[in-house]
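>>> could you look at this predicted model? Sequence included:
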Amino acid sequence: MYDLSKLFESAFGETPVYATRSALRGKGTAFTGLTSKTDEKAKKMSWLGTPVMFPVKFKRATYKVYRPSGEIAQVEKSDFYRPPCLAQFSRAKNLTQTHVLGDTGTIKEMFGFDDWHIKIKGLCLDEPERSAYDQLEALLDWEEVADGIDVSGALFADKQIYNIVIKSIDVQSLQGKPGVVPFTIDAVSDEALELVL
């Protein structure tokens, strides 16, 4: 049995606080003023029988990958649900600021929005059907994609992100936890410009 909040704290120094409404039913909570997400967001169940909140899936498709020879090949990939993770999103506006002579402040010209910058922190954990190392291998297999990855999940759809590009991945280890492999993925949103123009 895993205590995910303690594992996240050990790996990343952060403790996620979340619970489904059914988990809180009949129990008092020390938190006031919080609204809980409905259980309909927990459509995927973990192997422990607990709901996975906001599951994220890399979608089945044909993707481009680099071969060691430098050639690009087309590879068919199956759906892949990411291991337990936390995602952070940030986005800036494309602004030009012009200083005005003899006045205070600047003139701002906005040209649009930058890509969403996405940081995904997660844990590969030993499960009855798959080891943490097997999950890491599957994740690294997706990291080799030299293409945008179709992604689905409520956290991404809320921000109209349907495709991401993995920029880098960082794999760590936790002392005394051989069945736990922390990882951090840096990604950016990707949008086909020809669909927007």
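Looks like it arrived, so ask away. Residues are numbered from 1 along each chain as shown.
>>> following the chain onward from the helix or strand of the chain with the lowest mean pLDDT, which element is next?
Counting by mean pLDDT, DSSP states H and E, the chain has its least confident helix or strand at helix 21-24, which shows a mean of 48. Using DSSP states H and E, the helix or strand that follows helix 21-24 in sequence is strand 44-45.
>>> strands paired with that following strand, and their directions?
Here strand 44-45 is paired, per DSSP bridges, with strand 51-52 (antiparallel).
>>> what's the next secondary structure element after the strand it pairs with?
Per DSSP H and E, strand 51-52 leads on to strand 57-58 as the next helix or strand towards the C-terminus.
>>> for the next helix or strand after that following strand, name the packing helices and strands.
Downstream of strand 57-58, the first helix or strand assigned by DSSP H and E is strand 61-66. On a contact count with 3 or more C-beta pairs under 8 Å, 6 or more residues apart in numbering; DSSP states H and E, strand 61-66 meets strand 72-77. C-beta here means a position set from N, CA and C on the backbone, and glycine is covered the same way.
>>> check the offset of the strand it packs on from the chain's centre.
Here strand 72-77 shows a centroid-to-chain-centroid distance of 23 Å under the convention C-alpha atoms, centre = their mean, to the nearest Å.
>>> give me the longest helix you can find in the chain.
The helix that spans the most residues within the chain, counting by DSSP state H, is helix 132-143.
>>> may I have it as CSV, with CA atoms only?
C-alpha atoms of helix 132-143 as CSV (Å, rounded to 0.1, in the frame of the first residue of the first chain):
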residue,chain,number,x,y,z
ALA,A,132,7.7,0.7,-11.6
TYR,A,133,10.6,0.0,-14.1
ASP,A,134,8.2,-1.3,-16.7
GLN,A,135,6.1,1.9,-16.4
LEU,A,136,9.2,4.0,-16.7
GLU,A,137,10.3,2.2,-19.8
ALA,A,138,6.8,2.9,-21.3
LEU,A,139,7.2,6.6,-20.4
LEU,A,140,10.7,6.8,-21.9
ASP,A,141,9.3,5.2,-25.0
TRP,A,142,6.8,8.1,-25.3
GLU,A,143,9.6,10.6,-24.6
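>>> packing partners of it?
strand 117-125, strand 163-171, strand 180-189.
>>> any idea which of the ones you listed gets closest to residue 65?
Proximity to residue 65 (C-beta to C-beta) singles out strand 163-171 among those, at 12.0 Å.
>>> that closest one pairs with which strands?
If you go by DSSP bridges, strand 163-171 pairs up with strand 149-152 (antiparallel), strand 180-189 (antiparallel).
>>> mean confidence score for the very next helix or strand once past the first one?
Stepping forward along the backbone from strand 149-152, the first helix or strand reached (DSSP H and E) is helix 154-157. When pLDDT is averaged along helix 154-157, the result is 89.
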